[in-house]
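Q: Give me the fold of what follows.
(one chain, ligands or ions: 1)
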Amino acid sequence: MSLLVLKSSPTGPMSVSNTLVNEIVARHRELDPGVAVTERNLDAEPLPHLTAMNVDGVRAHAVTDTEIEAREVSDRLIAELFAADTLVIGAPMHNFSIPTTLRAWFDHVLRPRVTFGYSETGPKGLVTGKRAILALARGGPYVEGQPDHQESYLRELLAFIGVTEVDVVHAGGTAFGPEARAASIAEAQTAIASLVGRRLAA
Ligand SMILES: Cc1cc2nc3c(=O)[nH]c(=O)nc-3n(C[C@H](O)[C@H](O)[C@H](O)COP(=O)(O)O)c2cc1C
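A: Below is the predicted model:
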């Protein structure tokens, strides 16, 4: 088994989503000591945003040095994705969506003819046979009716490249004081133990 782990919180060791990601990795290690883990902290080592300087390197033809550099980064990230069988993504909610550091990863990884293509029936994901676990955190509670472009957006991006088997654990209400935050993390940790146990038994 191999995990590709993406962290995107700007709060480092204090981060709720990073705590959940670490728990997911620890549970996998407990049940499968041979698990291979590749980790990318997209906050500590941010990827460049796509701009006029580099966008063609990822989406068209790489000609300039900056475009070639962007193409190489994209190739590396995609190779890491294809090498993993499970993708673990930690994401805090930022302005109802995901941190731009994580969005930049998707901008490098969604590549026409490499991770997605088009068939007669529409877009077709080319990253098949993989699962994902999303570890999400947010200041407000996870209840119906709250604006949410975090989980739905991540599911949409992943489905577009072919990753449709997605599990989600979340800790909400982290802005409601230390007790609410701790209770939410504890609840998510219980959910992680049962999720990883189920997955590795399957
Ligand atoms: C820039 C920024 C934007 C945020 N936007 C939202 C938001 O739209 N909704 C929400 O519920 N919480 C929002 N929060 C709060 C975080 O989602 C919350 O603190 C969460 O626990 C962060 O996860 P982390 O500890 O893994 O970084 C925001 C925090 C930051 C820094």
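Q: of all the residues in the chain, which ones are close to the ligand?
A: The interface of the chain toward the ligand, taken as C-beta under 6 Å from any ligand atom, is made up of 9, 11, 15-18, 92-96, 137-140, 174-175. Using the backbone N, CA and C atoms, a C-beta is placed for each residue, glycine as well.
Q: Give me the buried subset of these.
A: Under a neighbour-count criterion of 16 or more other C-beta atoms under 10 Å, the subset of the residues of the chain next to the ligand counted as buried comprises 9, 15-18, 92-94, 137-138, 174.
Q: so how many other residues sit close to residue 98?
A: Taking other C-beta atoms under 10 Å as the criterion, the count of residues near residue 98 is 24.
Q: What separation is there between it and the ligand?
A: Using C-beta to the nearest ligand atom, to the nearest Å, one obtains 10 Å as the distance from residue 98 to the ligand.
Q: do the same with residue 131
A: Between residue 131 and the ligand the distance is 22 Å, computed by C-beta to the nearest ligand atom.
Q: can you give me phi and psi for the nearest residue to that residue once chain neighbours are set aside?
A: Of all residues beyond its chain neighbours, the one nearest residue 131 is residue 165 (4.4 Å), with distances taken as C-beta to C-beta, 6 or more residues apart in numbering. For residue 165, the backbone dihedrals are phi -90, psi 90 (criterion: degrees, to the nearest 10).
Q: Report the beta-bridge partner residues of the residue nearest the centre of the chain.
A: Relative to the mean C-alpha position of the chain, the nearest C-alpha, by C-alpha atoms, centre = their mean, is the one of residue 89, at 2.9 Å. When assigned by DSSP bridges, residue 89 has beta-bridge partners residue 6, residue 134.
Q: Next, work out how far apart it and the ligand are.
A: Applying C-beta to the nearest ligand atom to residue 89 and the ligand gives a distance of 12 Å.
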